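Peer 1: can't give you the sequence, but here's the structure:
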């Protein structure tokens, strides 16, 4: 599985920790930056990560910023991206099983052991393919494409 990973300056330390962790677990990791704690604009990295997923260069994405909120907002502006800002393993499990999220957004200040647990659940939880969830995702896709009829 190919995992794209990115952050802004506030998520840099968590990003580097997670990259090392994911590589040790055997994942193919694509590091999209940032490469330091020097202030930078998170949308740049969010869009870079999402493009890798949309272009099928990565299967899933993990991104972090100071709160995880800014990057999640930016990611969700990209057509075809379902990014979830997650704070615990229950949310990680449900966002994959129910929402088929393809990007995980994390608070860059989260303890690394907690982030690793969330990442493990996110990467190992399959989408349920339950009819109600498929119906809801179809509604979102139709809206993105301008074809939504309430």
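Peer 2: Nice, thanks for sending it over. What you see is a predicted model; the values in this text were computed from it and never measured.

Peer 1: going forward, measure contacts between C-alpha atoms and count neighbours the same way
Peer 2: OK.

Peer 1: Residue 104 looks like it's in a strand, true?
Peer 2: Yes. Using DSSP: H, G, I helix; E, B strand; the rest coil, the assignment for residue 104 is a strand.

Peer 1: and it, what is it in contact with?
Peer 2: 61-63, 83-86, 119, 122 (C-alpha atoms under 8 Å, 6 or more residues apart in numbering).

Peer 1: One more: residue 135?
Peer 2: So residue 135 contacts nothing (C-alpha under 8 Å, 6+ apart).

Peer 1: For it, grab phi and psi.
Peer 2: Dihedral pair for residue 135: phi -60, psi -40, per degrees, to the nearest 10.

Peer 1: so which strand or helix has residue 136?
Peer 2: Per DSSP states H and E: residue 136 is located in helix 131-144.

Peer 1: Give me the distance from that helix to the chain's centre.
Peer 2: 19 Å (C-alpha atoms, centre = their mean, to the nearest Å).

Peer 1: give the contact list for residue 128.
Peer 2: Counting by C-alpha under 8 Å, 6+ apart, residue 128 has contacts 97-98.

Peer 1: if we go to 10 Å?
Peer 2: Counting by C-alpha atoms under 10 Å, 6 or more residues apart in numbering, residue 128 touches 94, 96-100, 134.

Peer 1: Same question for residue 47.
Peer 2: Applying C-alpha under 10 Å, 6+ apart to residue 47 gives the contacts 6, 53, 71, 74-78.

Peer 1: cool, and residue 113?
Peer 2: 17-18, 119.

Peer 1: could you redo the residues you listed as CSV and give each row distance to residue 90?
Peer 2: Converted to CSV, those look like this (distance: C-alpha to C-alpha, whole Å):
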residue, distance to residue 90
17, 22
18, 19
119, 11
